[in-house]
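Visitor: Need a 3D model of the sequence below.
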Amino acid sequence: MSKIGYTTRTIVENFLGKQFPEISDSEFDIYIAGAEKYINNFTGYNATTSVSGMLTQTIEAEKSVGKVDNYGNMVISLRHPPVHFDANRNPLVTRINYNQGAINIDLQMTDNTTNAKNSVIEVSENRKKVYYPHLYFLPAISSLTPSAKINLYNLRDVRFWVDIWYTGGYDEVPEDVQMACNYLVSEFVMRRTNPMFLSNITQGMMTMGYQSNQSRKGHLISPQMQIANQLLQSYVLHTF
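Guide: Coordinates of the predicted model:
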């Protein structure tokens, strides 16, 4: 059990306007850690070896399938966005490695000038994708083509991999993510005393009524989880 910091017990109790003295801190921490893991699984931030969820972390050698768009640019979908920038608006991407079998080539990262803005990397507006421009070339692969350089555009139909080193993630927990975490923890806490989703019970002849919950992929989800899922939708990671 390891908490990331999406919310705290105090924040959840203030959110509910109620304290839970019958629940120990260690048990409450389990609820928070479970909610955080749910968020990471739902959004896709567990896809890396990250221990910080969607919070800021330096990512090393994140591997993805190489993709070249119709303009010849290499497009890398990050698993730990948003990518960070330095003071000169250079993306904090320190290394990109092209690899195919035994061939491993580090791509040129700057335009070889001393200008403050000298990175050849561009990113999408939402900072979830890194673009390596087609006008730069892979270094010559001496074992295959001693004098040739390969244009990225020619790799559109080639199966290759890309490893990338970068700094990504959010410096602070986004407000809607914290709110989603509050709803999830609230669900766990309240379900503690009502694990069967009962809405009413009659002792005589034992009549029980159950809450009507919507279904998601065959599983019932409560209103609290529905709200949490809606809050998290914009953070779900997609690739193309």
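
Visitor: does residue 129 really touch residue 76, like I thought?
Guide: Yes - with contact defined as Cβ atoms under 8 Å, residue 129 reaches residue 76; the gap is 6.6 Å. The way it works is simple: take the backbone N, C-alpha and C, and place the C-beta from them, glycine included.

Visitor: Please give the number of neighbouring residues around residue 9.
Guide: Per other Cβ atoms under 10 Å, the neighbour tally for residue 9 reads 17.

Visitor: per-residue pLDDT, it?
Guide: Predicted confidence (pLDDT) for residue 9: 96.

Visitor: ok, now residue 68?
Guide: The per-residue pLDDT of residue 68 was computed as 88.

Visitor: CA atoms of the helix ranked longest in the chain as PDB?
Guide: Ranked by number of residues, the top helix in the chain under DSSP state H is helix 25-43. What follows is helix 25-43, C-alpha atoms only, in PDB (Å, rounded to 0.1, in the frame of the first residue of the first chain):
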ATOM      1  CA  ASP A  25      -5.700   6.000   9.800                       C
ATOM      2  CA  SER A  26      -4.100   2.800   8.300                       C
ATOM      3  CA  GLU A  27      -7.500   1.600   7.100                       C
ATOM      4  CA  PHE A  28      -8.300   5.100   5.600                       C
ATOM      5  CA  ASP A  29      -4.900   5.100   3.900                       C
ATOM      6  CA  ILE A  30      -5.900   1.800   2.200                       C
ATOM      7  CA  TYR A  31      -9.100   3.400   0.800                       C
ATOM      8  CA  ILE A  32      -7.000   6.400  -0.500                       C
ATOM      9  CA  ALA A  33      -4.400   4.100  -2.100                       C
ATOM     10  CA  GLY A  34      -7.200   2.000  -3.700                       C
ATOM     11  CA  ALA A  35      -8.800   5.100  -5.100                       C
ATOM     12  CA  GLU A  36      -5.500   6.300  -6.500                       C
ATOM     13  CA  LYS A  37      -4.800   3.000  -8.100                       C
ATOM     14  CA  TYR A  38      -8.300   3.000  -9.700                       C
ATOM     15  CA  ILE A  39      -7.600   6.500 -11.100                       C
ATOM     16  CA  ASN A  40      -4.200   5.400 -12.500                       C
ATOM     17  CA  ASN A  41      -5.700   2.200 -14.100                       C
ATOM     18  CA  PHE A  42      -8.700   4.200 -15.500                       C
ATOM     19  CA  THR A  43      -6.500   6.900 -17.100                       C
END
